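# Give me coordinates for this.
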Amino acid sequence: MTIYLDQESYSERPIRDGTYVYCASAETDIITYAFGAGPVHCWDVTAGGKMPGDLAYALLDDDDEIVAHNAMFDRNLLRLGSLKLDIPIERWRCTMVGAYAHSLPGALGKLCEVLAVDQDKAKQKDGRALMMLFCKPQPKNSALRRATRLTHPAKWARYLEYAKHDISAMREVDKKTPAWNSRGAELALWHLDQRINDRGFCVDVELARAAVRATDRAKADLKSRTQEMTGYDAAGAGVESTTQRDALLAYLLLEHGVMLPDLQKATLERRLQDNDLPPELRELIAIRLGATTTSTSKYAALLRSSSDDGRLRGTKQFAGAGRTARWAGRVFQPDNLPRPRHAPEQIEGFIHAAKIDAEDFYTDDVMGHAASAVRGCIIAPPGKKLVIGDLANIEGRITAWLAGEEWKLQAYRDYDTILGVDANGEPIRKGPDLYKVTYGNSFGVPPESVTKDQRQIGKVEDLLLGFAGGVGAFVTGAATYSIDLDAMARDVRGSIPTEVWEEATSFLAWMVKQGRPTFGLADDVFIACDSIKRVTRAAQPMITSYWAELEAAVTEAILRPGNTVVARRVKVRVDGAWLRIQLPSGRYLCYPAPRVKGGVISYRGVNIYSKQWGRIETFGGKVLENLAQACARDVLAYGMAPAEAAGYEIVLHVHDELVCETPDEKAYSVDRLVEIMATSPPWADGLPLAAAGFESYRYKKE
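Okay, the predicted model is just below:
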């Protein structure tokens, strides 16, 4: 039997602090429930008395499935809140996760809109107001700090009725949401995900507190330096703080004659590369970059959201990334930790200095060091160690594998084959570094002759240009991978064939004539980027041709519903209102309400910028990117259960990396973990996998 369950609760802690700290301090006020398609029942917990017998029996019956919307919340509210009822994870199912797994929005109200589930909007608005009244403390200036059934009996009665509506809505949503990606191995994976979220990771609370103190002092110092440099006074002269965007832009124009389109990080970092920049202007821009470093706010999130035992839980949302079903970050947002700008030993030095409030003696760049040290707040508890494994260039490997780019696959296999070790203990590999192979294959030179700068260009080719990206991909990737596009353009000029350079030059002229963006790049930089794009596409014909093949397959499937179209390793078809692409793992990429109009493919989804549900356009390169990311997720997921079974308790996973907590013993080696992670799934025949890692007592980026 299936029981649909929902709870309303009260807590002094805001839900933004995270599910686990909220639930640990929460009281369950109302439980609404229904058995299958039966009537909706409501238990007013605040009225006293025992739990209704039918509810108690169902919750204790191991044969009953419990369904909730955002089950991680309801499960932990029962377990950690006032009722202290621990129900095995395996009995739960989540309609929100089911929606995410099929590219639908997670919020119940929005989901009802998308799936055309009838809801009385007036009642919903009234219900939300009642929830705000009863679920959290009233404002501090209010005479009444907590509203209850006794203080507001009439509104409480309406609240009880409103609570039933979520059960009805959830049940209808459950009927209308597909189950393709919510059963079998995927359901078991979600159960494992819940155990990982319950486990959480250990936080260096002392470091987090020290970093908050250090960055507060640094921000005050940066503000003071800004005022001194710009001649700020109470009459309005100068700039009070570089965080004041408009005031700083006006000052730069008026005092230095420098007009900037914005103050985004990429814009400022690019400006700092100008060797002719006056020292005082360089310092002012550096102050702006330091003062607006948002990654340091993660320290406050760590302190706010860690449980009393010093562990932070609930930081991963299963399938939260949409379409690909990759995990999304929550609370601490571990998926967007800043890339360290300092060496590990420098970061460790800063950590020690900050803990004794001596960070300013250690470095002038307190904000930069603090940003680099954020991931160091994740530590192993006493008697344990962290074992970290990372799948090597997994998206690049999968892209080549899906497309059948055999020379690239062989290059991966050769590089992964270790023939021995040299005198320094470094591995002797059968083949060279793939970025050198990529550059050599594009520019017709032996990989062993590729220089360090040329290898960087090969890295750009491999990481940025596999999904039909052009010059814009370089601009996006430059900040991510610290690429100096001006230097790259100079380095690559002599390697570009004349005819390719001329084609790129003509393309730039066409872009300008059409009024299209050239991303603020100098002409030679734009031409160099476009030239690299052209030689890269010519050098990997199977990947390049796959973009058009996927686009044609999707178009055909939309125009011929019910027919399966094979596109190399994937199958595409439209059933009802869904475009489905079956991955090699058997899982599906789902695109609701697909359409082809004027040769343009689109579907319904959540726009990553506006966060609103609407129509999104796509193309072959983007589809391949979705496929590669989805398959990478499936490879990572395949190794998670075996890692757990071998004693590597996963406390966090970030992108293609597993962070595991084990006893501090030699038996739990990184070699064993990466062996598990690089084991090919049965469905991935011919996919070369490799992983690397390290052991540490503090999380870091190797």
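# host element of L402?
helix 394-403 (DSSP states H and E).
# Any regions of the chain where pLDDT drops low?
120-123, 236, 479 (pLDDT under 70).
# Domain-wise, how is it divided?
2-177, 200-379, 388-393+629-696, 406-539 (automatic domain parsing).
# With mean neighbour count and distance to R604 as extra columns, can I get the ones you listed in a markdown table?
All C-beta atoms are positioned from the backbone trio N, CA, C, and that covers glycine. Formatted as a markdown table, these follow (neighbours: other CB atoms under 10 Å; distance: least, CB to CB, whole Å):
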| stretch | mean neighbour count | distance to R604 |
| --- | --- | --- |
| domain 2-177 | 17 | 7 |
| domain 200-379 | 18 | 12 |
| domain 388-393+629-696 | 19 | 18 |
| domain 406-539 | 17 | 22 |
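# In CSV, list those domains along with distance to G184.
Formatted as CSV, the domains of the chain follow (distance: least, CB to CB, whole Å):
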stretch, distance to G184
domain 2-177, 12
domain 200-379, 14
domain 388-393+629-696, 13
domain 406-539, 29
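# Of all those, which one comes closest to E556?
domain 406-539 (19.1 Å; CB to CB).
# Please name the nearest non-neighbouring residue to D335.
G329 (3.9 Å; CB to CB, 6 or more residues apart in numbering).
# ok, now how distant is that neighbour from C590?
For G329, the distance to C590 (CB to CB, to the nearest Å) stands at 22 Å.
# right, so of the domains of the chain, which gets closest to L192?
domain 388-393+629-696 (6.1 Å).
# end-to-end on the closest one?
8 Å (CA to CA, to the nearest Å).
# what do you get for stretch 465-478?
So stretch 465-478: terminal residues 13 Å apart, CA to CA.
# still on that earlier bit, name whatever forms a beta bridge with the residue nearest to D335.
On the basis of DSSP bridges, G329 is bridged to K316.
# need the helices for the stretch 501-650 of the chain, in chain order.
Taking DSSP state H, counting those that start in this stretch as the test, the helices found in the stretch 501-650 of the chain are 523-539, 541-559, 620-645.
# same question, the stretch 301-450 of the chain
Taking DSSP H, counting those that start in this stretch as the criterion, the stretch 301-450 of the chain carries its helices at 344-355, 359-362, 366-372, 394-403, 406-416, 434-443.
# Adding distance to D118, write the ones you listed out as TSV.
Converted to TSV, the helices of the stretch 301-450 of the chain look like this (distance: least, CB to CB, whole Å):
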stretch	distance to D118
helix 344-355	55
helix 359-362	58
helix 366-372	48
helix 394-403	42
helix 406-416	52
helix 434-443	55
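# how about these, which one is nearest A154?
Across those, closest to A154 is helix 366-372 (CB to CB), at 51.9 Å.
# just checking, what packs against that closest one?
helix 205-230, helix 279-291, helix 344-355, helix 359-362 (3 or more CB pairs under 8 Å, 6 or more residues apart in numbering; DSSP states H and E).
# and if we set it to 7 Å?
In terms of contacts (3 or more CB pairs under 7 Å, 6 or more residues apart in numbering; DSSP states H and E), helix 366-372 is packed against helix 205-230, helix 344-355.
# chain center to the longest one: distance?
This points to helix 205-230. 28 Å (CA atoms, centre = their mean, to the nearest Å).
# Next, the angle from that helix to helix 344-355.
Between helix 205-230 and helix 344-355, the angle comes out at 90 degrees (axes from the mean of the first three to the mean of the last three CA atoms, to 10 degrees).
# any idea which helix or strand comes after helix 205-230?
Next along from helix 205-230, by DSSP H and E: helix 245-256.
# would JSON lines of the helices and strands packed on helix 366-372 with distance to G127 be doable?
Shown next, in JSON lines, are these (distance: least, CB to CB, whole Å):
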{"stretch": "helix 205-230", "distance to G127": "38"}
{"stretch": "helix 344-355", "distance to G127": "47"}
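# Skipping its backbone neighbours, what lies nearest G404 in space?
G404 sits nearest to M542 (CB to CB, 6+ apart), 4.9 Å away.
# what sits against that neighbour?
M542 makes contact with 403-405 under the criterion CB atoms under 7 Å, 6 or more residues apart in numbering.
# Now with 10 Å, please.
399-400, 402-409, 549, 568 (CB atoms under 10 Å, 6 or more residues apart in numbering).
# Enumerate every residue touching Q540.
399-400, 403, 405, 407-408, 438, 441-442, 461-462, 465-466, 546.
# The helix or strand hosting I676 to helix 620-645, inter-axis angle?
I676 is part of helix 670-677, with elements assigned from DSSP H and E. Inter-element angle recorded for helix 670-677 and helix 620-645: 130 degrees (by the same axes, to 10 degrees).
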